[in-house]
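**Q** Okay, here's the prediction I keep looking at, along with the sequence it came from:
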Amino acid sequence: MKLQTLSLSILIAFHASAYADDSVVHRVSIDGSRSSQLGLLDAANAGTIGQKKLESMTTYRPGELLEAIPGVIVSQHSGEGKANQFYLRGFNLDHGTDLRTTIDEMPVNQRSHSHGQGWTDLNFLIPELAARMDYKKGPYSSTTGDFSSAGSAAITYANRLRQSIFSSTVGEHNYQRALLAASPDFANGSLLYALELMHNDGPFVQGDNFKKVNAVLRYSEGFANNGFNLSAMAYRGSWNATDQIPLRAVENGSLNRFDAIDHSDGGQAHRYSLSGVWRRTTNDEASKLNAYIIHNQLDLFSNFTYYMDDPLNGDQFSQPDQRVTSGINASHTWHSHLNGYNTDFTVGTQIQHDNIFNGLNKTRERQVLSTVRHDHIKELSAGLYADVSTRWSEYFRSNVGLRFDRFQFHVRSDWLENSGSTSDQLLSPSASLVFSPWKQNEFYLNLGRGFHSNDARATLTRIDPQSLQATEVSPGLARSSGQELGIRSEWLPGLQTSISLYRLDFDSELNFVGDAGTTEAGRPSRRHGIELSSSYQASSWLSLDLDAAYARARYRHAEPISQYVVGAIEGVAQLSATVDKLGPWSGALRLRYFGPRALTEDNLVRSRPSTTLNGRISYKWTSSLKVELEGFNLSNRRDSAIDYYYASQLKGETSAKEDKHFHPIEPRSFRLMLIKSF
């Protein structure tokens, strides 16, 4: 059906339903590395990643599924149960700030979190259930809102599975995983259930002893664009943490590169959620309603400076965080053909409330010595948006949007000076123009404003509970502003390429404060960058993907000696090959380059780049039995997963020393998986 006679929203809904409802949990064969996205999207940096691409990812941990998004790097600096580190578009996104992540319309980012703003823990993600992932980059969409200035990732689980599966995986470093998933017919719909059990020690001197129990139960009726689902999810995890260690201790031989200074670091977490999504689509209208309630709890114990502040007890601290997050998202789209133009007009709202109890304690071997602060936070946000997409002709279409957000912060602290209420609000306009003067090519111009929210405590804290010094409060919302030029081309059969040039300004850069384990609002920043994403279906059995990006991040209005944004990623690249339809054989190989970063504002200390090679090979014994071997860091590189530069003091040292602190990437390892379909 031609786009001229079908609304963009309806077409995207049908496009989504092809993935969401007919998805098979494991190893579906779909021709093409990536589906054609010409005519569907408003930017070169946006896309939909289908199930086949997601399945081809060889992931050491669930959060690495986001590396399917061009330009995204996912790493870890601690135990496996902790939220990952994310990098994109010149950002060290810490544990998720400025990368909005949702699963089945539920927000994953946790605001005003005890360890860092926008905390994104994806350990509850079951990759085999992911039917598709939609992504955007930059503040060019009125529909995404908080934390989406660098990008957004929306993961959708399948509603039903073509076959039930049981998989069992064993690997080095005492890795064990079992998964059972099925979706039998039930009542008038389908009842999907999945249970995952996992244990992993990792290569560390003291094993991570990461234990995870993960479950999903979903009832659905209808289709992705005309139907509903009700879901319950439950996750529990506990772990030991091998946090980053000082380079000097490894170089002088006193510490193994896979050892830790404080062996009592670690934590435990759980996440329970109930959610529902309802959609209704006709030829002229489309409606969507989503509601959710999530209970998260984290007990995290960290020690980054060892014996610098307290030579007797050490510098370990705990950051308990417990919250209930609830929300409603609703939208309605009208499609019209007035004056021969196809127009989609969408209005929507996003309401979220967080009831949070968190704090900061000084601890020793996970025992509380004293309380630095304890806070009860209530945070309420309401976003309203309007979005208009118009196809003016065969060669030109546009999208304009306007978003209004209002946040209310209420903090009841054990420090009276840091208690109170405040609010903030802003308007965020956006516009995208798409030109297609030649067949199989599109050109994009994107402009927009976005924002991230700051920690509610930062908006009201007037006395630093640790130093007892007066502090300045931060604004509730920090604005971003972006401009972008892009092109998407499919001029050669089987080849899809997109290129984008962008600039992104932030009124306030969020910085991670290591000794407190929190983020603080910093100086204004600017980023320029270029991204390339290319996919080629070389033959019926071979597909190739190349993604590369470079970004330049600097503080604005800063002296040249202190203008570098610490930890900002510069260059990244991924090259992957996927092989399928070779009789019973299939496989994939992925080379990932993680470029250097400035570790100090004067750029005198820098991290080294890292390069890893991961892959898998599978053999199908029968129509219902498959064996798969996954390999990680196949070249056995001794690189860092992450690097920092700050002062710390080891036991026996008389004073603090500035040094690099790093977390090593895992050495070469293998996992063997047996998959039974039934």
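**A** Yep, that arrived.

**Q** quick one, phi psi at L54?
**A** Summarising the backbone geometry of L54 under the convention degrees, to the nearest 10, its torsions are phi -60, psi -40.

**Q** How much space separates the most centrally placed residue in the chain from T363?
**A** Central residue of the chain (C-alpha atoms, centre = their mean): T101, 5.1 Å from the mean position. Note on T101: its distance to T363, by C-beta to C-beta, to the nearest Å, is 30 Å. In this view, the C-beta of every residue, glycine as well, is placed from N, C-alpha and C.

**Q** sorry, back to before: pLDDT score assigned to the residue nearest to the centre of the chain?
**A** pLDDT, the model's per-residue confidence, is 97 for T101.

**Q** wait, isn't it in contact with W119?
**A** No. In this structure, T101 sits apart from W119 without contact. The criterion is C-beta atoms under 8 Å, and the distance is 10.6 Å.

**Q** list residues touching both of these two?
**A** N109 (C-beta atoms under 8 Å, 6 or more residues apart in numbering).

**Q** partners of L544 in the sheet?
**A** Judged by DSSP bridges, the bridge partners of L544 are Y536, A577.

**Q** Could I get the phi/psi values of the residue of the chain most remote from its centre?
**A** Most distant from the centre of the chain: N339, at 41.9 Å, with distances by C-alpha atoms, centre = their mean. Main-chain dihedrals, N339, degrees, to the nearest 10: phi 60, psi 30.

**Q** just to revisit the earlier point, for the residue nearest to the centre of the chain, name its beta-bridge partners.
**A** Residues found in beta-bridge contact with T101 (criterion: DSSP bridges) are A153.

**Q** Now do the contacts for A470.
**A** Contacts of A470 were listed using C-beta under 8 Å, 6+ apart, and they are R462, I463, D464.

**Q** same deal with A181?
**A** Applying C-beta under 8 Å, 6+ apart, the residues near A181 are V25, I126, E128, L129, L161, S164, I165, L192, Y193, A194, L195.

**Q** that's a strand at it, yeah?
**A** Yes. Counting by DSSP: H, G, I helix; E, B strand; the rest coil, A181 is found in a strand.

**Q** The closest residue to it other than its chain neighbours and Y60, how far apart?
**A** Sequence neighbours aside, A194 is the residue nearest to A181 in space, at 4.0 Å (criterion: C-beta to C-beta, 6 or more residues apart in numbering). Distance, A194 to Y60, using C-beta to C-beta: 20 Å.

**Q** now do G529
**A** Between G529 and Y60 the distance is 27 Å, computed by C-beta to C-beta.

**Q** Kindly report the same for N296.
**A** Relative to Y60, N296 is positioned 24 Å away (C-beta to C-beta).

**Q** now L591
**A** From L591 across to Y60, the span is 15 Å (C-beta to C-beta).

**Q** more neighbours, these two?
**A** Y60 (22 against 17; other C-beta atoms under 10 Å).

**Q** A strand includes that one, no?
**A** No. The assignment for Y60, made by three-state DSSP, is coil rather than a strand.

**Q** What about it? Give its phi and psi, please.
**A** Y60 has phi and psi values of phi -70, psi -30 when expressed as degrees, to the nearest 10.

**Q** ok, it touching F632?
**A** Yes. Applying C-beta under 8 Å, one finds Y60 in contact with F632, separated by 5.3 Å.

**Q** okay, and the common contacts of these two?
**A** Residues within reach of Y60 and of F632 at once, by C-beta under 8 Å, 6+ apart, are N614, E666.

**Q** Past the helix or strand containing H353, which element shows up next along the chain?
**A** Using DSSP states H and E, the element containing H353 is strand 342-364. Using DSSP H and E, the helix or strand that follows strand 342-364 towards the C-terminus is strand 367-393.

**Q** Now do that next one and strand 342-364, the angle between them.
**A** Inter-element angle recorded for strand 367-393 and strand 342-364: 170 degrees (by axes from the mean of the first three to the mean of the last three C-alpha atoms, to 10 degrees).

**Q** ok, then the element right after strand 367-393?
**A** Per DSSP H and E, strand 367-393 leads on to strand 396-413 as the next helix or strand towards the C-terminus.

**Q** and the helix or strand just after that following strand with strand 367-393, angle?
**A** Next helix or strand after strand 396-413 toward the C-terminus (DSSP H and E): strand 420-435. The directions of strand 420-435 and strand 367-393 differ by 30 degrees, with the same axes, to 10 degrees as the criterion.

**Q** can you pull the buried residues of strand 420-435?
**A** Applying a neighbour-count criterion of 16 or more other C-beta atoms under 10 Å, one finds G420, D424, L426, S428, S430, A431, S432, L433, V434 buried in strand 420-435.
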